[in-house]
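Peer 1: Here you go, sequence then predicted model.
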Amino acid sequence: MRLRNILKLRRNQRGSTVVEFAIVAPVLLTMILGSLDVGYALYARSILGGAIQKAARDSGLETGAGRGCEIDYGVLQHISGLLKVNVLKTHTMESFCDLTDTQRQALFNSAENKENSILFLRRNYVSFSDVGEMEEFTDSDDDGVCDRGEPFEDLSGDDEWGERGANGQGGARATVLYSAGLHFRRIFPAYKLIGGKEFMTVEATTILRNQPYSQNQNPAALIKNCTMDDL
Ligand SMILES: [Ca+2]
Ligand SMILES: [Ca+2]
């Protein structure tokens with residue numbers, strides 16, 4: 001009798017689908033939420049990228065001169081429908097624009113992993129080919145580093161050997177690298193299932209040249225000497 005019941009139970013498949021689903025469901029849920037999370041990040045990046053493109057064009061026009069912060073704030077307002085950015089709660093355009101670059105950086109850093117936040121960066125260069133390149137120097141000892149006494153071309157005007165760009169929008173005909181980093185809380189909880197981070201960052205960057213192109217307000221690069229000692 002007992003053997004017959006056991007054999008009967010072996011053939012009984014009722015409920016097996018429920019068990020299989022219980023095994024597969026967490027994986028399936030993680031995959032769905034993960035896909036939504038990636039999709040939302042791409043969407044956020046697309047919105048930010050579009051806003052940055054427009055803002056860069058506005059900044060590069062003659063009418064954009066001196067309006068960089070106002071234009072940045074316009075980006076903030078544009079994306080606020082998508083993502084509430086903390087700085088909009090506490091700052092009007094005037095108070096936001098009164099902040100120094102250092103204060104904005106501190107505001108961005110303090111919001112990390114607590115609030116949605118955004119940071120804008122403008123770097124200006126003489127030409128497109130200078131973006132991301134180090135200033136040229138005479139490498140007397142051929143060690144690949146600009147050591148004390150070796151002359152270099154100070155394109156950025158900061159008296160130090162480094163990357164060729166200078167902060168800010170620059171003048172007419174300057175090439176401008178304009179970028180924004182948006183730090184925001186994920187809206188889909190896939191990160192909880194896989195032990196990921198609650199916040200993520202998307203970035204958007206564009207490069208344009210300031211108008212009018214016929215003028216050239218790029219400062220002349222001066223030859224200076226490096227001050228760093230050999231390590
Ligand atoms: Ca050297
Ligand atoms: Ca420099």
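Peer 2: Arrived safely. Numbering: from 1, shown residues only. Ligands and ions are numbered 1, 2, ... in the order given.

Peer 1: Show me which positions of stretch 167-184 end up buried.
Peer 2: 169-170, 172-184 (16 or more other C-beta atoms under 10 Å). The way it works is simple: take the backbone N, C-alpha and C, and place the C-beta from them, glycine included.

Peer 1: Sorry, slip of the keys, the one I care about is stretch 218-231.
Peer 2: Buried, per 16+ other C-beta under 10 Å, within stretch 218-231: 218, 221, 224, 225, 226.

Peer 1: which element is residue 18 on?
Peer 2: For residue 18, the element it lies in under DSSP states H and E is helix 16-60.

Peer 1: which other helices and strands contact that helix?
Peer 2: Judged by 3 or more C-beta pairs under 8 Å, 6 or more residues apart in numbering; DSSP states H and E, helix 16-60 is in contact with helix 68-79, strand 175-185, helix 190-194, strand 199-209.

Peer 1: how about the ones you listed, which one is nearest ligand 1?
Peer 2: strand 175-185 (27.2 Å; C-beta to the ion).

Peer 1: That closest one relative to helix 68-79, how many degrees between them?
Peer 2: Angle of strand 175-185 versus helix 68-79, following axes from the mean of the first three to the mean of the last three C-alpha atoms, to 10 degrees, is 40 degrees.

Peer 1: that older thread, which one of the helices and strands packed on helix 16-60 lies closest to residue 33?
Peer 2: Among the helices and strands packed on helix 16-60, helix 190-194 comes nearest to residue 33, with 3.6 Å by C-beta to C-beta.

Peer 1: Dump that closest one to PDB, restricted to CA.
Peer 2: C-alpha atoms of helix 190-194 as PDB (Å, rounded to 0.1, in the frame of the first residue of the first chain):
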ATOM      1  CA  ALA A 190      17.300  45.900  -9.200                       C
ATOM      2  CA  TYR A 191      20.400  47.100  -7.300                       C
ATOM      3  CA  LYS A 192      18.900  45.700  -4.000                       C
ATOM      4  CA  LEU A 193      18.600  42.200  -5.500                       C
ATOM      5  CA  ILE A 194      22.200  42.100  -6.700                       C
END
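
Peer 1: Which parts of it count as buried, going by neighbours?
Peer 2: 190, 191.

Peer 1: That one packs against which elements?
Peer 2: The contact analysis (3+ C-beta pairs under 8 Å, 6+ apart) places helix 190-194 against helix 16-60.

Peer 1: for the residue nearest to residue 72 when sequence neighbours are not counted, helix, strand, or coil?
Peer 2: Nearest residue to residue 72, sequence neighbours excluded (C-beta to C-beta, 6 or more residues apart in numbering): residue 120, at 4.6 Å. Counting by DSSP: H, G, I helix; E, B strand; the rest coil, the backbone at residue 120 sits in strand.

Peer 1: count of neighbours near residue 120?
Peer 2: 20 (other C-beta atoms under 10 Å).

Peer 1: Then the one 4 residues further on?
Peer 2: Residues lying near residue 124 (other C-beta under 10 Å) number 24.

Peer 1: Please report the distance of it from ligand 1.
Peer 2: 27 Å (C-beta to the ion, to the nearest Å).

Peer 1: got a list of what that residue touches?
Peer 2: 165, 166, 167, 168, 169, 170, 171, 174, 175, 176, 177, 210 (C-beta atoms under 8 Å, 6 or more residues apart in numbering).
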